[in-house]
Structure formats: C-alpha cells, structure tokens
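**Q** Here is a sequence together with a model predicted from it:
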Amino acid sequence: MDSVRGQGGIQMLLTAEQEAQQIVNSARNSKMARLRQAKEEADREVQQYRTNMEADYQNKLSETSGSSGSNVKRLEEETDTKIKSLKESAAKVQSDIVGMVMKYITNVKI
C-alpha cells in the first residue's frame, strides 16, 4: 500500500511539474507576444513621428523658399524705385551743375 501511495505521490509530482512547465511556457509566450506588440507599436509611433516631422520640414522649406522669391521681388522693386528717384533728382540739378562747371572752366583768374 505504501508503494501504491508512493507511486501516486510521484505521479502527482510529475503532473504538478508538467502543469508548472505549461504555466511557465504560457507566461513566456505571453511575454514574447507583448514584447512583439510593444515593438510594433513603437515602430508605428516612430514612423508616424518621422512622417510628421518630414511634413513640417517640407512646409517650412516651401514657406522659406516661397518667401525668398517674394523677398527678391520686393528688393528689386525697392531698388528700382530708389534708382528712379536718384535719376529724377539728378535730372533736376543737372542744368545747375553743368552751368557751375562751365563757369569755372571759362573763368580763368590771372
């Protein structure tokens, strides 16, 4: 009877060990699945962040190059206006300057 009870105890221990092994395997598989899922989510977040940053960069790049063109046009207009103003000023005083130069050339002090 002791041998039957001893064999039953051994059988119970073997059964308990198998159940424990199944629990450990199940936990290990669950952990690996959670890690895979976390990695996939992190990869998606990184890709989304990268996409957003690239879009922001492209927007800023287009704004900058767009404003560069408008700045160049604005500067050209300002330069043309200033040149026109200087030509008008020169035209107003041109006859006075020519007269002054002619006066100094033709009047010789002896």
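**A** Structure's in. What do you need? Numbers count the residues shown, from 1 in each chain.
**Q** Relative to the whole chain's centre, how far out is stretch 7-19?
**A** 62 Å (Cα atoms, centre = their mean, to the nearest Å).
**Q** cool, stretch 86-104 as well?
**A** Using Cα atoms, centre = their mean, the offset of stretch 86-104 from its chain centre is 58 Å.
**Q** Then stretch 79-88?
**A** Distance, centroid of stretch 79-88 to centroid of chain: 42 Å (Cα atoms, centre = their mean).
**Q** Likewise for stretch 92-105?
**A** 62 Å.
**Q** Can I get it in PDB, CA atoms only?
**A** Output in PDB follows, covering the C-alpha atoms of stretch 92-105 (Å, rounded to 0.1, in the frame of the first residue of the first chain):
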ATOM      1  CA  LYS A  92      16.600 118.400 -61.600                       C
ATOM      2  CA  VAL A  93      20.100 119.600 -60.600                       C
ATOM      3  CA  GLN A  94      21.800 118.600 -63.900                       C
ATOM      4  CA  SER A  95      21.500 122.000 -65.500                       C
ATOM      5  CA  ASP A  96      22.700 123.800 -62.400                       C
ATOM      6  CA  ILE A  97      25.800 121.600 -62.200                       C
ATOM      7  CA  VAL A  98      26.600 121.900 -65.900                       C
ATOM      8  CA  GLY A  99      26.300 125.700 -65.500                       C
ATOM      9  CA  MET A 100      28.600 125.700 -62.500                       C
ATOM     10  CA  VAL A 101      31.200 123.600 -64.200                       C
ATOM     11  CA  MET A 102      31.100 125.800 -67.300                       C
ATOM     12  CA  LYS A 103      31.500 128.900 -65.200                       C
ATOM     13  CA  TYR A 104      34.700 127.500 -63.500                       C
ATOM     14  CA  ILE A 105      36.100 126.300 -66.800                       C
END
